[in-house]
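**Q** Model the following, please.
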Amino acid sequence: MPTSDSFGHPGVGYHIADLIRELKHILGTDRMWDVVLIGAGNLGRALAAYQGFQRQGFRIVGVFDASSDKVGMRVGDLAVQSMGDLAEAVGRTGTRIAILCVPPDQAQKVADEAVAAGVRGLLNFAPASINVPPHVVENSVDLAIRLEQLSFQLRSAAEKQ
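**A** Just a heads-up that it's a prediction; the model follows:
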């Protein structure tokens with residue numbers, strides 16, 4: 001069927017490779033994004049080891065933690081750095097995205113430090129709300145809420161059977 005939108009070709013339809021390239025451009029995944037990960041606890045280490053980020057265009061270039069016990073520890077190919085080194089690393093690499101895997105009582109403080117360092121996008125895994133300036137984008141991932149949603153969906157599906 002002919003298409004008239006900007007992605008298709010009249011009388012032909014879609015060239016899949018062109019469509020994929022355009023969608024990646026729209027999503028911002030047509031380039032490699034450098035990401036810093038803050039919090040080298042169990043979740044932070046697991047996320048740092050996750051190979052799916054790289055396949056989707058996100059490269060973890062630094063892992064940071066406030067605990068002197070974790071600084072210097074290896075997480076994959078990276079050594080955990082002190083939070084005191086965050087601003088220099090973000091400035092040097094031009095990193096604009098941070099993943100927060102910190103305790104809830106530290107989330108706002110760490111978010112403020114990341115923003116002050118130049119980060120403009122935060123993926124917050126801390127089970128706490130954080131406030132960011134209007135020029136910063138923040139997405140929270142609350143695993144407990146996601147499990148609640150899943151249990152609701154399962155219950156609803158069971159009631160329909």
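**Q** Enumerate the beta-bridge partners assigned to the residue at minimal distance from the centre of the chain.
**A** By CA atoms, centre = their mean, the chain has its centre lying nearest to Leu123, at 4.5 Å. In this structure, Leu123 bridges to Ile99, Asn139 when assessed by DSSP bridges.
**Q** just checking, it touches Val137?
**A** No: using CB atoms under 8 Å as the test, Leu123 is too far from Val137 to be in contact (9.5 Å). No exception for glycine: its C-beta is placed from N, CA and C like everyone else's.
**Q** Leu78 bridge partners, please.
**A** Val75.
**Q** Let me know how buried it is, in neighbour terms.
**A** Residues within reach of Leu78, counting by other CB atoms under 10 Å, total 16.
**Q** next one: Ala87
**A** 15.
**Q** and it, what does it touch?
**A** By CB atoms under 8 Å, 6 or more residues apart in numbering, the residues touching Ala87 are 113, 116-118.
**Q** if we go to 6 Å?
**A** The neighbours of Ala87, taking CB atoms under 6 Å, 6 or more residues apart in numbering as the test, are Ala117.
**Q** What residues of whatever helix or strand it lives in count as buried?
**A** If you go by DSSP states H and E, Ala87 is part of helix 86-93. Of all the residues in helix 86-93, those buried under the rule 16 or more other CB atoms under 10 Å are 86, 89-90.
**Q** what pLDDT does Arg155 get?
**A** Looking at Arg155, its pLDDT is 90.
**Q** cool, and Gln161?
**A** Per the predicted model, pLDDT is 82 at Gln161.
**Q** and what of Gly28?
**A** 61.
**Q** Which secondary structure elements does the helix of greatest length in the chain sit against?
**A** Criterion DSSP state H: the longest helix present in the chain is helix 143-160. Applying 3 or more CB pairs under 6 Å, 6 or more residues apart in numbering; DSSP states H and E, we find helix 143-160 packed against no helix or strand.
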